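S.K.: for reference, the sequence and a predicted model appear below.
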Amino acid sequence: MFERGLSRRRMFGVGAVLAGFAATGCGTTHGNTAAAEPSSTSPDPVAGNSPVVAKAAPVPQDNSPAAVAARHAGEQPRQWGVEMPGIISTFAATGKQMALTFDACGGPGNNDMDESLVNFLIAHQIPATLFLNKRWIDANQARAAQLAMNPLFELANHGVAHRPLSVNGRAAYGINGTGSAQEAVDEVWANHERLRGLVGRAPRFFRAGTAHYDEVAVAIANELGETPVGFSINADYGATASAAKVRAAMNAAAPGAISLAHMHRPQSGTGAGMIAALPTIREMGFTFVHL
């Protein structure tokens, strides 16, 4: 995806590089051009006449959590789902690159870690982006610290309570979403700060619980400095798929694909399916990269 370096600027295609001299800020713009020299018939300029009024620089938007919540308070969304503008579901690959992402959802029954899967990624030097829920981090502080120190893994934000990100409580898979702009901000920000303390820098990516959003919530996440991430390959269907189904789903590997699977259910088919699929994908010429 977006990679760290750029083998890591996967990225994933979060935007194309702007082209053009003017776009770099080096061109002249209205209001900032130099005044023309006076003609031979023009009176000499006199100090204090025809003052040049400089344009005031635009005031930067306040993207503090309180300001973002206030700005979107009361907005009514019209879209809902796992795909919409502002959500990254694929990236602009350089050659045959794809990005693996794994969620750790946290909460009752979801605070474990699939050691076989994580150890396989480490042994085979396969990078991945790990979306950690705050409850999972709090229950696995030593494990989370080890993951944070391993350059194979980029840690990303999977929210505080694993709720779909909405401003009106919209539910997905029986899980109620955040019910207001303030609740959406809180779902993102508390774990943003938790991850900043763990990793030493702010997380770049956010994935909502169930990966569902409305468009107001997408804007909120972006304004808080995190890019909402979806997926193009649903590899394990919430850690419910068998190993064979996980392996079959990963056969959809394509340049720029983002796969979604889970790392907190060691008894599921996810680990075995990934361990079977990933060497084959590499043999097909694919390189795994971070978002």
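M.R.: Thanks, I have it. Numbering: from 1, shown residues only.
S.K.: where are the low-confidence patches of the chain?
M.R.: Within the chain, the segments meeting pLDDT under 70 span 1-54.
S.K.: what segments of it are helices?
M.R.: Taking DSSP state H to define them, one finds helices in the chain at 65-72, 115-123, 134-139, 141-149, 181-199, 215-223, 243-250, 270-283.
S.K.: winner for burial among those helices?
M.R.: helix 215-223 (a mean of 24; mean count of other C-beta atoms under 10 Å). (C-beta placed from N, C-alpha, C; glycine too.)
S.K.: what's the angle between that helix and helix 181-199?
M.R.: Using axes from the mean of the first three to the mean of the last three C-alpha atoms, to 10 degrees, the direction of helix 215-223 lies 30 degrees away from that of helix 181-199.
S.K.: do you know how far the closest residue in space to A181 that isn't next to it in sequence is from E283?
M.R.: Leaving aside its sequence neighbours, A181 sits nearest to H72 (C-beta to C-beta, 6 or more residues apart in numbering; 4.0 Å). Counting by C-beta to C-beta, to the nearest Å, the gap from H72 to E283 is 47 Å.
S.K.: check N234 too.
M.R.: Distance from N234 to E283, counting by C-beta to C-beta: 23 Å.
S.K.: residues near A73, how many?
M.R.: Using other C-beta atoms under 10 Å, A73 has 11 other residues around it.
S.K.: tell me the contacts of the residue nearest to it when sequence neighbours are not counted?
M.R.: Using C-beta to C-beta, 6+ apart and skipping residues adjacent in sequence, the residue nearest A73 is A181, 5.0 Å away. If you count contacts by C-beta atoms under 8 Å, 6 or more residues apart in numbering, A181 has them with 68-75, 167, 216, 220.
S.K.: that older thread, just so I know, which of the helices of the chain lies nearest A261?
M.R.: Minimum separation from A261 across the helices of the chain (C-beta to C-beta) falls at helix 270-283, 5.2 Å.
S.K.: quick one: contacts of that closest one?
M.R.: Defining contact as C-beta under 8 Å, 6+ apart, one finds that helix 270-283 is touched by 98, 100, 114, 116-117, 120, 124, 126, 235-236, 239, 241-247, 249-251, 253, 261-263, 288.
S.K.: that older thread, so who does the residue nearest to A181 touch?
M.R.: Counted by C-beta under 8 Å, 6+ apart, H72 has contacts 167, 181, 184, 216, 219-220.
S.K.: which of those lies closest to A139?
M.R.: A184 (23.6 Å).
S.K.: how close does the closest one sit to M84?
M.R.: Distance from A184 to M84, counting by C-beta to C-beta: 15 Å.
S.K.: same thing with P65?
M.R.: Noted for P65: a distance of 23 Å to M84, by C-beta to C-beta.
S.K.: and if you look at E183?
M.R.: According to C-beta to C-beta, E183 and M84 sit 20 Å apart.
S.K.: just A208 next, same as before
M.R.: Going from A208 to M84 by C-beta to C-beta gives 12 Å.
S.K.: counting neighbours, go ahead and name the busier of those two.
M.R.: The neighbour count for A208 versus M84, taken as other C-beta under 10 Å, is higher for A208 (32 against 17).
S.K.: for the more buried one, what are its contacts?
M.R.: A208 makes contact with 159, 163-165, 187, 217, 228 under the criterion C-beta under 8 Å, 6+ apart.
S.K.: if we use 6 Å, what do you get?
M.R.: 164-165 (C-beta atoms under 6 Å, 6 or more residues apart in numbering).
S.K.: tell me how far it lies from S242.
M.R.: Distance from A208 to S242, by C-beta to C-beta: 26 Å.
S.K.: got it, and G197?
M.R.: Distance of G197 to S242, given as C-beta to C-beta: 38 Å.
S.K.: now do T94
M.R.: Distance of T94 to S242, computed by C-beta to C-beta: 33 Å.
S.K.: any buried residues in stretch 75-87, and which?
M.R.: Within stretch 75-87, the residues that count as buried by 16 or more other C-beta atoms under 10 Å are 75, 77, 80, 82, 84, 87.
S.K.: what strands line up against the longest strand along the chain, and which way round?
M.R.: Taking DSSP state E as the criterion, the chain has its longest strand at strand 97-104. Here strand 97-104 is paired, per DSSP bridges, with strand 128-132 (parallel), strand 258-262 (parallel), strand 287-289 (parallel).
S.K.: put together TSV for those strands, with mean neighbour count on each row.
M.R.: TSV is the format used below for the strands paired with strand 97-104 (neighbours: other C-beta atoms under 10 Å):
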stretch	mean neighbour count
strand 128-132	27
strand 258-262	25
strand 287-289	22
